[in-house]
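S.K.: This is a predicted model, with the sequence first.
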Amino acid sequence: MFREAPPLGTRAILRQRWSEVSFLHWKVDPAVVAPFMPEGCRPDTLNGSSWVGLIAFQMSQSSFFGGPRIPWLGDFPEVNVRLYSVDEKGRRGVVFLSLEASHLIPVLTARVAFGLPYQWASMKIGQRDGQIAYKTRRHGQPDAASHIIVRPIDDRAASVSLAADAEATFLTARWAFHETHRGRTIYARNHHEPWPLQPAELVYLDDGLLAAAGFEGLADRAPDSVLYASDVTTVFAAPQRPLQIRMPQSRPVWTSQRSS
């Protein structure tokens with residue numbers, strides 16, 4: 001696993017700024033997430049565990065093919081549920097189960113262009129007393145909602161330690177996503193500077209997005225990792241050659257029992 005992104009290898013088609021990024025992660029058995037993997041991929045693991053992530057941030061300054069920034073449409077909060085994948089060629093990435101966004105046109109564009117499961121939602125992000133709050137509620141599916149409050153911890157020594165931490169690197173330094181698009185598995189690369197990670201405290205969580213993605217009960221227990229990063233600027237390359245034809249299959253629902 002590389003903390004710094006390797007070169008894209010192809011022309012960048014999209015640039016964005018991600019800021020106020022909070023990473024919440026839960027450890028799970030790899031068998032739990034295996035059915036959610038696109039064809040040709042398997043769960044990526046660290047020390048025998050795979051992970052489910054709930055990631056919240058502000059997106060801004062979007063532009064295509066080196067053109068001017070897109071006002072309004074390219075500036076909105078996002079909250080996504082993601083898993084961690086590795087394909088037959090050993091290429092690591094993420095698999096998105098859902099991505100909430102407040103602007104309908106980018107939602108529809110991402111669905112068509114990449115097959116990404118973007119969902120149109122009502123969203124807010126705000127800061128107060130050193131805490132960052134994210135709220136989202138999916139249109140037409142009110143139970144698919146989340147309210148997250150995180151307090152970043154300003155500890156330089158801890159941040160330096162995170163830069164060399166294998167777990168933090170595994171969860172954040174991914175540089176690509178796998179997705180099923182038009183019956184095939186695609187692999188799309190991205191590049192950005194290393195995350196300026198900080199430890200963080202989860203102040204409050206009332207989440208229905210994990211359950212909506214198929215992980216009923218997972219949010220009932222505290223996440224195993226909470227991290228924060230102030231901002232990065234990222235660029236995306238066009239998807240690379242498909243891997244395999246994917247046969248249609250339904251995604252199961254997993255029910256978690258809360259530990260006593």
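M.R.: All right, it came through fine. Numbers count the residues shown, from 1 in each chain.
S.K.: Might you list the low-confidence residue ranges for the protein?
M.R.: Per-residue confidence for the chain (pLDDT under 70) gives these ranges: 1-2, 64-68, 70-73, 241-260.
S.K.: biggest helix in it, by residue count?
M.R.: Across the chain, the longest stretch assigned as helix under DSSP state H is helix 104-114.
S.K.: neighbouring strands for the helix or strand following that one, and are they parallel or not?
M.R.: Downstream of helix 104-114, the next assigned helix or strand under DSSP states H and E is strand 118-128. As defined by DSSP bridges, the strand partners of strand 118-128 come to strand 92-101 (parallel), strand 131-138 (antiparallel).
S.K.: Going by neighbour count, list what's buried in the longest helix of the chain.
M.R.: 106-107, 110, 114 (16 or more other Cβ atoms under 10 Å). To be clear about C-beta, it is placed using only N, CA and C from the backbone, and glycine gets the same treatment.
S.K.: quick one: the longest strand along the chain to chain centroid distance?
M.R.: What stands out as the longest strand in the chain, according to DSSP state E, is strand 12-28. Distance of strand 12-28 from its chain centroid, counting by Cα atoms, centre = their mean, to the nearest Å, is 5 Å.
S.K.: So which elements touch the helix or strand just after that strand?
M.R.: Counting by DSSP H and E, the element after strand 12-28 in chain order, helix or strand, is helix 30-33. When contacts are defined as 3 or more Cβ pairs under 8 Å, 6 or more residues apart in numbering; DSSP states H and E, helix 30-33 packs onto strand 41-43, strand 50-64.
S.K.: How far away from the center of its chain is helix 30-33?
M.R.: 17 Å.
S.K.: can you check stretch 96-114 too?
M.R.: 13 Å.
S.K.: Any idea how far apart the tips of that stretch sit?
M.R.: 11 Å (Cα to Cα, to the nearest Å).
S.K.: what do you get for stretch 57-77?
M.R.: 6 Å.
S.K.: Check stretch 199-214 too.
M.R.: End residues of stretch 199-214 are separated by 28 Å (Cα to Cα).
S.K.: Check which residues of it are buried.
M.R.: So for stretch 199-214, counting by 16+ other Cβ under 10 Å, buried means 199-200, 205, 207-214.
S.K.: same thing with stretch 115-133?
M.R.: Neighbour-count burial for stretch 115-133 [16+ other Cβ under 10 Å]: 115-121, 123, 125, 132-133.
S.K.: residues near M37, how many?
M.R.: By the measure other Cβ atoms under 10 Å, the count of residues near M37 is 22.
S.K.: my guess is it meets A31, correct?
M.R.: No: the pair M37 and A31 fails to qualify as a contact (Cβ atoms under 8 Å) at a distance of 11.2 Å.
S.K.: How about the secondary structure of S159?
M.R.: S159 falls in the helix class when you classify it by DSSP: H, G, I helix; E, B strand; the rest coil.
S.K.: and if you look at E167?
M.R.: helix.
S.K.: How about A211?
M.R.: Once three-state DSSP is applied, A211 turns out helix.
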